[in-house]
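Visitor: Fold the following for me, if possible:
(one chain, ligands or ions: 2)
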Amino acid sequence: MARCLPAAPAALLLSCFSLLLGLAAPAGAAAPKPGLLKEASQLRDRALADSDAWQHAWSLTTEVGPRPAGSAGDRAAVTWALTRLAEIGFDEIRPQPVEVSAWERGTAEARIIRPFPQPLVATALGRSVGTPEAGIEAPVVRFENLAALEAAKPEEVRGRIVFIDERMERERDGSGYGPAVQKRTRGPSVAAARGALALVIRSVGTSTHRFAHTGATRYEEGVRPIPAFAISNPDADLLTAQFAAGEEVELYLHSSARNLSPARSANVIADIRGAGKPDEIVIMGAHLDSWDLGTGAQDNATGVAILMETARFIAMMPRRPERTVRIVLYANEERGLDGSRSYTAAALQSEQRHVIGIEADGGAGLIYRFDSGVDEEAFPVIDAMREILAPLGIEGGDNSATGGADLSTLRAEGMPVLSLRHDASEYFDLHHTANDTLDKVDPEALKQAVAAYASVVWIAANVAGDFGATVPAGE
Ligand code: ZN
Ligand code: ZN
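Guide: Numbers count the residues shown, from 1 in each chain. Ligands and ions are numbered 1, 2, ... in the order given. Here you go, the predicted model:
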């Protein structure tokens, strides 16, 4: 992945920057002052040369490992974060208790029993119920996509196992995920409402290897919960091929997954206190929990690691930022955004204002694009940030950023957001699989990420003026 990183030495980066400054000092009341831009570019170059986010990701994936919300691993991750953040130079670190839904995966088994018996690589979807102890043995009805299932008559589905075969498209911006994930979140309810016994989906992911991709599902109110499984892409091909004989296809499914009573977890919050406006917050968010199949390396140890290292470099600056720079490591993003909702509910009661946010939850690919979601008056600041990012090979995007999943609850209240887009071309080969482990992470790509996050956050935390509405809403 490092091959795309501009191999510019710091001196060259500095001269690029001086050139940009001379050519295009942004206009407007909100434009950052030249001194601030110089600090940001120096911070960028130091982070590019010396940052080591990979060490944090190594520590989290090695010393904690899988950390599904409510598990012992999750509690270990909270302790890990509190300990690790204390070594970084924050002014205040605190856990914020969060009640999280809890769920146990148990074991999953899927076998074709007719016409040509074979085992399939399968996993339960998160929050799925299990099967009866004896398992489920039934004929399969296959649908091209969720829309086809929605259009089906109950008599086509009743008493059968539904298989949704929809593929996810590979895209650099990860935009194939949104449409493909619908069958995972809504599929069980749609199938159950038509009388299905269980649901099997082609994994929401782009891997061609035999790894099933898990991920949360949800049962709509009033729907009888049915067991839900994902099978790997090659296994979905295999299952589809069985229909070619024109005979009835039957599956055996077994799962011991179960939902448990809610458990205790915590958001971990750490502040570098603002010197001038400590009650104005620039928030950096990443989720600390992960799925249980892999070690959650790119989802989301690297996001956590990038933000920790960004904060470490900001804390090493010769002065404190004007605004408070805050990291929030969120609880239970994966199975329902419990941490995000708890944090925002408390923020709405607070005297502190959230001026802008940025989230790291897009894997560990090189960052190629910078988007914003701010008021037009702040465009001069965004232009200045783009110029700081250009030497890192990051292009300007648009103003339609929505933040990430964890920041979505603050965004819904009107908080402006920034978004550094990681190249996600290969991310969904690993996402939510047993194969999401640290060996696929390039330490050099993480250096570029820290350089990018640190320089834009430094500008956001020091520039005069807001980016639009704040949370709670300002005057
Ligand atoms: Zn994630
Ligand atoms: Zn995830």
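Visitor: only C-alpha atoms for contact and neighbour calcs from this point on.
Guide: OK.
Visitor: Spatially nearest residue to the most centrally placed residue in the chain, not counting backbone neighbours?
Guide: The centroid of the chain falls nearest to Asp361 when counting by Cα atoms, centre = their mean (3.1 Å). In this structure, Asp361 finds its nearest non-sequential neighbour in Gly303, 5.4 Å apart by Cα to Cα, 6 or more residues apart in numbering.
Visitor: Report the distance from the longest strand seen in the chain to the chain centre.
Guide: Scanning the chain for the strand with the most residues, using DSSP state E, yields strand 258-272. In terms of Cα atoms, centre = their mean, to the nearest Å, the centre of strand 258-272 is set 16 Å apart from its chain centre.
Visitor: Just want the angle from the helix or strand that comes right after it to strand 258-272.
Guide: Counting by DSSP states H and E, the next helix or strand C-terminal to strand 258-272 is strand 277-287. Here the directions of strand 277-287 and strand 258-272 differ by 140 degrees (axes from the mean of the first three to the mean of the last three Cα atoms, to 10 degrees).
Visitor: Just the mean pLDDT for strand 277-287, thanks.
Guide: For strand 277-287, the mean pLDDT works out to 98.
Visitor: Tell me which strands that strand pairs with, and in which orientation.
Guide: Sheet partners assigned to strand 277-287 using DSSP bridges are listed as strand 323-330 (parallel), strand 353-359 (parallel).
Visitor: TSV please, covering the ones you listed and showing distance to ligand 1 and mean pLDDT.
Guide: Shown next, in TSV, are these (distance: least, Cα to the ion, whole Å; pLDDT from 0 to 100):
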stretch	distance to ligand 1	mean pLDDT
strand 323-330	10	98
strand 353-359	10	97
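Visitor: Reformat those strands as TSV; add mean neighbour count and distance to Asp292.
Guide: Formatted as TSV, the strands paired with strand 277-287 follow (neighbours: other Cα atoms under 10 Å; distance: least, Cα to Cα, whole Å):
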stretch	mean neighbour count	distance to Asp292
strand 323-330	27	17
strand 353-359	26	22
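Visitor: Any idea how many residues pack against Trp80?
Guide: 16 (other Cα atoms under 10 Å).
Visitor: To clarify, my last question referred to Ala241.
Guide: Neighbours of Ala241 (other Cα under 10 Å): 10.
Visitor: which bits of the stretch 201-350 of the chain sit near ligand 1?
Guide: Contact residues, the stretch 201-350 of the chain versus ligand 1 (Cα under 5 Å from the ion): Asp299.
Visitor: Find the closest residue to ligand 1 in the stretch 201-350 of the chain.
Guide: Asp299 (4.6 Å; Cα to the ion).
Visitor: List the contacts of that residue.
Guide: Ser290, Asp361, Gly362, Gly363, His431, His432, Asp436 (Cα atoms under 8 Å, 6 or more residues apart in numbering).
Visitor: And these, which is closest to ligand 1?
Guide: Closest to ligand 1, out of all of these and judged by Cα to the ion, is Asp361, at 4.9 Å.
Visitor: so the closest one, which of the three states?
Guide: coil (DSSP: H, G, I helix; E, B strand; the rest coil).
Visitor: how about it, what does it touch?
Guide: Contacts of Asp361 by Cα under 8 Å, 6+ apart are Ala286, His287, Asp299, Asn300, Gly303, Gly404.
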